[in-house]
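Enquirer: Everything below, folded, please.
(chains A and B)
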Amino acid sequence: MMVPVLLAASEVNVALNVAFGVLAVVMIGAALFVVTTKNVVHAALWLVIVLSGMAAQYLLAAAEFVAVSQVLVYVGAVMVLFLFGIMLTRAQIGAEGNLNNPGWALGIPVALLLLGVMGWAIIDLFGDQTIEEAPGGASTQAISDQILSPYLAPFLAITFVLLAAAIGAIVLARKD
Amino acid sequence: MTGLITSLIAQSGEWQAPTIDWHAIAPELVLIVGINLVLFIDLWIDESRKWAMATLTGIVLLAAFVPTVTLAVTGDDVRSMFDERYVIDNYALVLKALFLLVGYVVVLMSQTQLEEGGYYQGEFYVLMLASVLGMVMMTSSRDLVSMFVALELLSVPAYMLAAWRKRDGRSNEAGVKYYLLGVFASGVMLYGMSLIFGTTGSTKLVDIARSLGEGDLIAIQVLGVTFVIIGFAFKISAVPFHTWAPDTYEGAPTPVTAFLSVASKAAGFVAISSLVFIAFPAADEVYQPLLWVLSALTMTIGNLIALRQTNMVRMLAYSSVSQGGFILMPLAVAGSGDAAEPALKAVVVYLLIYAFTNLGAFAVVIAAARKTPSGSISSFGGLFVYAPGLTVLMTIFLASLAGVPPLGGWFAKFGAFRAVLEADTNAGYALAVVGAVNTVIATAYYMKVMRVMWMADVPDGDITPVVTPAPVQAALAITAAGTLALGVLPSLVVRFGDIADLSGALGR
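Expert: The predicted structure follows:
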């Protein structure tokens, strides 16, 4: 969805496209730091930037509910959990020697192949089409109407996923 | 403030309460009530009476079984809810009944082991019921979101059940491996689902089918279909996505292994067949070659590695990988010629028969566990001398897995081969040849176990008879009766899995 928006810069909202480009560059840069830094805590903090950038992208796409959830869940809960996890399990919070898997180089051709295939597929689909501005995106109210009517079954199931996860985590983590 | 609330309420006129058919979702509701009952009663019950939790769980599963029967009896109309995203048809009912029965047998197999191991019994059963709830929901899901959530609901408890022997390093390894690869697979699958949703504009399977059927597939839809199928291929441990299976199966507590290798795998197949028959009929040029390769690789590699195993559970793990290849076989031709009808029937019948047979084999391993602590195949030597009953049962189960008539397995294999031959394509015939060769290879390692049990000497010379606990005896009785009955009277199952039972299949 993002690529054609950028390609169509001359015809639609220019500010939107500039913002998209800036955010995308920041996110890619931060994502590279996540995997190259030798310090686990730094990697977690760089990840905060990637995830916040994603939230901003959702806002640009007029999906405010998803954006707020992204901030609450990923930037808030998941990152705090990461940092807690690192602090509770590691004696030393600093740079570390070699964190890389010995076979890391194998990942590069796979990643490039996926990038090529995905990029080609998306450009093949959209070409230089412009996407019309959404009339207001999915409002929070529309999402709640959907969740509580057609998607009620999965919504109910999610509650049991969380219950099961909590029970299992307590049993596996407690000392006995 | 009041004005704001009033205006908000005034805006929300579009929402309409969904109509709910309480009878149709009775199995799910019974399970939901049951989960809460087990959870709360376990809090207050005395440690010496924890055995009651297994009984209660069994009762919950059987109580959930009752409405599947009443629904089947009250006519074969299709009941759908939530904008036709949750459908209760005969296909769903048969598979719901299967999952509930498998859950019941696994409870019977778990009880003694949990009591002796001092594991957390109440929590174990809560997680198992939650996982069964996910499987039961999977059978009715006709929507990508429901399918994904059902898959998570059946997997998340299973990840933790695999690590349940928490003082054992191998069990921890089993849980972590299963979890990491399962989450990775979920990610791949979700990405595929988002591509499909993005290009078809719907998460409903019937709408996806309609949209894919308009004109040729575009590249991104091909990727979407591929990613979704690969995601489920992890779940059914198809080669090359099977690497988690042997370690997880070996490290997890044996009843959990039985549960994973039967119920969890069957749920993956249910999802794949719902997708193949309802959502992807127009994408047969994508899924058929993909499933063909997966099926051929899964049968062959699973079998070749199973030949070399010396550990009983590992051997059964690889054998269940290769059985998965046989179940994929009819799906790989589901879009050619007249093969759709026999293909769906073959998958459903195979799952039913395989469930009895494989659970039975694991029940024997559990019953003999006290005499065979190392778990190696050679430690089963001379089983006939001190446990003739178990030996006869194990021979029945292994022969059924190998496909020897008149046991259930032959009819399952017969259905799978019939479907690929019915397709009448070169790919179908080639797959049938691969399948035939693999049936012979598989027989070799099942025979090896039989020979050890019947002919070899008892390794430690101790021939005091083993005492099989009553619940395991009940599990053995159910599975043996199923294996024998379905082999002698295949007409009992042959009426299940008609293409007409699956509402929306092939655009109907």
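Enquirer: May I see the buried residues of stretch A:20-32?
Expert: Across stretch A:20-32, burial judged by 16 or more other C-beta atoms under 10 Å in any protein chain shown covers A:Phe20, A:Leu23, A:Met27, A:Ala30. (C-beta placed from N, C-alpha, C; glycine too.)
Enquirer: what number of residues lie near B:Thr439?
Expert: 19 (other C-beta atoms under 10 Å in any protein chain shown).
Enquirer: List the residues that contact B:Val270.
Expert: Counting by C-beta atoms under 8 Å, 6 or more residues apart in numbering or on different chains, B:Val270 touches B:Leu95, B:Met135, B:Met138, B:Thr139, B:Leu351.
Enquirer: related to what we said a few turns ago, reformat the buried residues of stretch A:20-32 as JSON lines; add secondary structure.
Expert: As requested, the buried residues of stretch A:20-32 are exported to JSON lines (DSSP: H, G, I helix; E, B strand; the rest coil):
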{"residue": "A:Phe20", "secondary structure": "helix"}
{"residue": "A:Leu23", "secondary structure": "helix"}
{"residue": "A:Met27", "secondary structure": "helix"}
{"residue": "A:Ala30", "secondary structure": "helix"}
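Enquirer: Do stretch B:63-83 and chain A come into contact?
Expert: Yes - under the criterion of C-beta under 8 Å from any C-beta of the partner chain, chain A is reached by stretch B:63-83 at B:Met81, B:Phe82, B:Asp83.
Enquirer: Looking at those, state which has the most neighbours.
Expert: Most surrounded of the residues of stretch B:63-83 next to chain A: other C-beta under 10 Å gives B:Phe82, at 22 neighbours.
Enquirer: Report pLDDT for that residue.
Expert: B:Phe82 carries a pLDDT value of 82.
Enquirer: can you check B:Val239 too?
Expert: Per-residue pLDDT puts B:Val239 at 82.
Enquirer: quick one, phi psi at B:Val87?
Expert: Dihedral pair for B:Val87: phi -120, psi 130, per degrees, to the nearest 10.
Enquirer: what's the distance between the residue lying closest to B:Ala369 once chain neighbours are set aside and B:Leu127?
Expert: Residue nearest to B:Ala369 in three dimensions, not counting chain neighbours: B:Thr254, with 6.8 Å by C-beta to C-beta, 6 or more residues apart in numbering or on different chains. Distance, B:Thr254 to B:Leu127, using C-beta to C-beta, to the nearest Å: 16 Å.
Enquirer: neighbour count winner among those two?
Expert: A direct count of neighbours by other C-beta under 10 Å for B:Thr254 and B:Leu127 places B:Leu127 higher, at 26 against 21.
Enquirer: Check which helix or strand the more buried one maps to.
Expert: Assigned by DSSP states H and E, B:Leu127 falls within helix B:121-140.
Enquirer: and if you look at B:Leu43?
Expert: Going by DSSP H and E, B:Leu43 is part of helix B:26-44.
Enquirer: could you dump the next helix or strand after that helix to CSV, C-alpha only?
Expert: Proceeding N to C from helix B:26-44, the next assigned helix or strand is helix B:51-73, under DSSP H and E. Provided in CSV are the C-alpha atoms of helix B:51-73 (Å, rounded to 0.1, in the frame of the first residue of the first chain):
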residue,chain,number,x,y,z
TRP,B,51,-7.9,-37.0,40.7
ALA,B,52,-11.4,-35.5,40.6
MET,B,53,-10.2,-32.9,38.1
ALA,B,54,-9.5,-35.6,35.5
THR,B,55,-13.0,-37.0,36.0
LEU,B,56,-14.5,-33.5,35.8
THR,B,57,-12.6,-32.7,32.5
GLY,B,58,-13.8,-36.0,31.1
ILE,B,59,-17.4,-35.2,32.0
VAL,B,60,-17.0,-31.7,30.4
LEU,B,61,-15.7,-33.2,27.1
LEU,B,62,-18.5,-35.8,27.0
ALA,B,63,-21.1,-33.2,27.8
ALA,B,64,-19.8,-31.1,24.9
PHE,B,65,-20.1,-34.2,22.8
VAL,B,66,-23.9,-34.5,23.4
PRO,B,67,-24.9,-31.4,21.4
THR,B,68,-22.8,-32.5,18.4
VAL,B,69,-25.0,-35.6,18.3
THR,B,70,-28.3,-33.8,18.8
LEU,B,71,-27.3,-31.3,16.1
ALA,B,72,-26.5,-34.1,13.7
VAL,B,73,-29.8,-35.8,14.5
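Enquirer: Figure out how far helix B:51-73 is from the centre of its chain.
Expert: Distance of helix B:51-73 from its chain centroid, counting by C-alpha atoms, centre = their mean, to the nearest Å, is 19 Å.
Enquirer: Who are the packing partners of that helix?
Expert: If you count contacts as 3 or more C-beta pairs under 8 Å, 6 or more residues apart in numbering or on different chains; DSSP states H and E, helix B:51-73 packs onto helix B:26-44, helix B:90-117, helix B:121-140.
Enquirer: What ranges does chain A have for its helices?
Expert: For chain A, applying DSSP state H gives helices covering A:2-7, A:14-36, A:40-60, A:64-69, A:79-89, A:104-126, A:140-148, A:152-173.
Enquirer: repeat for the stretch 251-400 of chain B
Expert: B:254-259, B:265-274, B:284-307, B:312-331, B:340-367, B:383-386, B:388-402 (DSSP state H, counting those that start in this stretch).
Enquirer: Of those helices, which shows the lowest average pLDDT?
Expert: Averaging pLDDT over each of the helices of the stretch 251-400 of chain B puts helix B:383-386 lowest, since it has a mean of 82.
Enquirer: What helices and strands are in contact with that helix?
Expert: By 3+ C-beta pairs under 8 Å, 6+ apart, helix B:383-386 packs against helix B:388-402, helix B:426-455.
Enquirer: what's the following helix or strand after the shortest one?
Expert: Scanning forward in sequence from helix B:388-402, with DSSP H and E defining helices and strands, the next element found is helix B:408-422.
Enquirer: By proximity to chain B, which residue of chain A wins?
Expert: Here the residue of chain A nearest chain B is A:Gly168; by C-beta to the nearest C-beta that distance is 3.3 Å.
Enquirer: That residue: how many residues sit nearby?
Expert: 25.
Enquirer: Could you check how far it is from B:Val126?
Expert: 9 Å.
Enquirer: ok, now which ones touch the most centrally placed residue in chain A?
Expert: Nearest residue to the geometric centre of chain A (C-alpha atoms, centre = their mean): A:Leu51, 5.1 Å. Going by C-beta under 8 Å, 6+ apart, A:Leu51 touches A:Gln70, A:Tyr74, A:Val75, A:Val78, A:Met79.
Enquirer: Would you mind giving me the confidence score for residue 21?
Expert: Just so you know, I chose chain A. 89.
Enquirer: nope, chain B please
Expert: 81.
Enquirer: Could you tell me the model confidence score at the closest residue to it other than its chain neighbours?
Expert: Excluding its sequence neighbours, the residue lying closest to B:Asp21 (C-beta to C-beta, 6+ apart) is B:Arg79, at 5.2 Å. If you check B:Arg79, the pLDDT there is 81.
Enquirer: In contact with B:Arg79, which residues?
Expert: B:Arg79 sits next to B:Asp21, B:His23, B:Ala24, B:Leu71, B:Val87, B:Ile88, B:Asp89 when contact means C-beta under 8 Å, 6+ apart.
Enquirer: same thing with B:Gln111?
Expert: For B:Gln111, the contacting residues are B:Trp51, B:Ala54, B:Pro469, B:Pro471, by C-beta under 8 Å, 6+ apart.
Enquirer: secondary structure element for the closest residue to chain A within chain B?
Expert: Closest approach of chain B to chain A (C-beta to the nearest C-beta) occurs at B:Met160, with a separation of 3.3 Å. B:Met160 belongs to helix B:144-162 when assigned by DSSP H and E.
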